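1. Coordinates only, no sequence provided:
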C-alpha cells in the first residue's frame, strides 16, 4: 500500500473560503435606518449618519442594500410591514362597531414624528420612482383597510355615502392630521380635529358626542 496520504486542506485555505456571517440581521438594520429616516427625513440623513446608526461602513451598507435611495425604498416597505400593518390589525375590525374602530385607528395617527409615508410624500414628492411606488402602495393598503371598515359602517346604517369615496376622504384627513402632528399640534387639538371629521362623516352615530373619544383613547 502506498504511504501517500490525502493532504487535508490547510487552515489558511479553510479560513479564506469560509463565508463570514453577517454582523446584523437585515430586519434589525432596516429598523435602525427606519428610525433615523423617520426622525431626520430622507434629505437630511447622510451616509455618515447611516454608518453611525447601523454600525456599518458605507461599502457594507451598499453591498447589502444598494445605494441610499435603494435602502430608503426598503425602509419604506419595512415601515409598512412593521408599523402600518400591525396598527391596522390592532385597531380595525376588532369590535362590532366599525366607527369606534376607525376612530381609535385615526387617533393613534397623532405622533410627533408623523408618518413615514406622509413625511416622505411631502418631502420627496415626485422623487425616486422606487420610493414613490412604495409610498403609494403603503397608502393604498391603508385606504383599502379603511374601506373595509367603512363598508361595515355603511351596512349598519352609520355611513350614508359611498364607502370607497369615504375611504379616500378619511385617508386624506388622516394625512392632514399627521402633517399637523409633525408640526407639533397638541393632543387636545388633534382630538378636536378628529371629532370634527367623524361628526361630519358619521352624524347619526349613536355614541358620537357621548364620550366615545374618552373610551377610545
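-> That came through fine. Here the structure is a predicted model, which is why all the values come from computation and not from measurement.

2. Could you check how far residue 161 is from residue 71?
-> Residue 161 is 41 Å from residue 71, where distance means Cβ to Cβ, to the nearest Å. All C-beta spots, glycine's among them, are computed from the backbone N, C-alpha and C.

3. cool, residue 160 as well?
-> 45 Å.

4. before we move on, what about residue 166?
-> Taking Cβ to Cβ, one finds residue 166 at 36 Å from residue 71.

5. And for residue 27?
-> Using Cβ to Cβ, we find residue 27 at a distance of 13 Å from residue 71.

6. Pick out whichever of residue 160 and residue 71 has more residues nearby.
-> For residue 160 and residue 71, the more surrounded residue by other Cβ atoms under 10 Å is residue 71, and the numbers stand at 21 against 12.

7. pretty sure that one contacts residue 61?
-> Yes: contact criterion Cβ atoms under 8 Å: residue 71 and residue 61 qualify, at 6.7 Å.

8. Now the common contact residues for these two.
-> Here residue 71 and residue 61 have residue 50 as joint contacts, going by Cβ atoms under 8 Å, 6 or more residues apart in numbering.

9. residues touching the nearest residue to residue 102 once chain neighbours are set aside, list them.
-> Excluding the flanking residues, the one nearest residue 102 by Cβ to Cβ, 6 or more residues apart in numbering is residue 149, at 5.2 Å. Residue 149 is in contact with 92-93, 98, 101-102, counting by Cβ under 8 Å, 6+ apart.

10. Out of the residues you listed, grab the one that's most surrounded.
-> Within those, most neighbours by other Cβ under 10 Å means residue 102, with 28 neighbours.

11. Let me know the next secondary structure element after the longest helix belonging to the chain.
-> Determined from DSSP state H, the single longest helix within the chain is helix 129-155. As assigned by DSSP states H and E, the chain's next helix or strand after helix 129-155 is helix 163-182.

12. Give me the contact list for stretch 70-82.
-> When contacts are defined by Cβ under 8 Å, 6+ apart, stretch 70-82 is touched by residues 27, 30-31, 33-34, 37-38, 42, 50, 61, 65, 116-117, 120, 128, 130-131, 133-135, 137-138, 141.

13. One more pass at 7 Å, please.
-> If you take Cβ atoms under 7 Å, 6 or more residues apart in numbering as the criterion, stretch 70-82 is touched by 30, 33-34, 37, 42, 61, 65, 116, 120, 130-131, 134-135, 138, 141.
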